[in-house]
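# Let's see this in three dimensions:
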Amino acid sequence: MLSEENKGLDETANLVTISRDLPFAQKRFAKEANIHNIQFLSDYRDAEFGKSTGLLIEESRLLARAIIVLDRDGVIRYLEVVPELAQLPKMEKALEFAQSL
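Purely as a prediction, here's the structure:
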């Protein structure tokens with residue numbers, strides 16, 4: 001959804017997704033899904049992003065699903081962490097918030 005339905009946010013903001021997937025798997029996914037406007041970053045090596053943000057789920061070594069919106073100064077202005085991996089975050093709400101910055 002972030003790729004296709006971001007209401008032009010990709011023209012004024014950097015859209016980034018971070019996962020524990022290997023970089024080659026991320027590239028394959030982006031190619032198959034025809035995603036060109038999102039930067040994919042991998043936290044596969046040491047899970048430093050997950051550890052430093054508290055998003056690493058120790059039992060599975062996966063990152064919790066979350067949306068983080070930062071302002072131009074890198075300050076977190078919006079954060080949603082869903083309670084279960086199977087649940088999707090409220091993307092529309094996050095997009096509206098990001099557009100208001």
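# ranges for the helices of the protein?
23-32, 48-53, 91-100 (DSSP state H).
# any low-confidence regions in the chain?
1-7 (pLDDT under 70).
# check contacts around the residue nearest in space to the middle of the chain.
Central residue of the chain (CA atoms, centre = their mean): residue 17, 3.4 Å from the mean position. Residues in contact with residue 17, defined by CB atoms under 8 Å, 6 or more residues apart in numbering, are 2, 38, 39, 40, 41. Every residue, glycine included, has its C-beta placed from N, CA and C.
# ok, the residue nearest to the second one when sequence neighbours are not counted - how many residues close by?
Spelled out, that is residue 38. Leaving aside its sequence neighbours, residue 38 sits nearest to residue 15 (CB to CB, 6 or more residues apart in numbering; 4.6 Å). Neighbourhood size, residue 15 [other CB atoms under 10 Å]: 14.
# isn't residue 15 right up against residue 9?
Yes: the pair residue 15 and residue 9 qualifies as a contact (CB atoms under 8 Å) at a distance of 6.9 Å.
# Just give me the closest of the contacts of residue 17 to residue 65.
residue 2 (12.2 Å; CB to CB).
# Need phi/psi at the residue nearest to residue 38.
In terms of degrees, to the nearest 10, the main-chain angles of residue 15 are phi -100, psi 120.
# Check residue 89 too.
Torsion angles, degrees, to the nearest 10, at residue 89: phi -70, psi 170.
# so it touches residue 79, yeah?
No: in this structure, residue 89 is not within contact of residue 79 by CB under 8 Å, at 9.9 Å.
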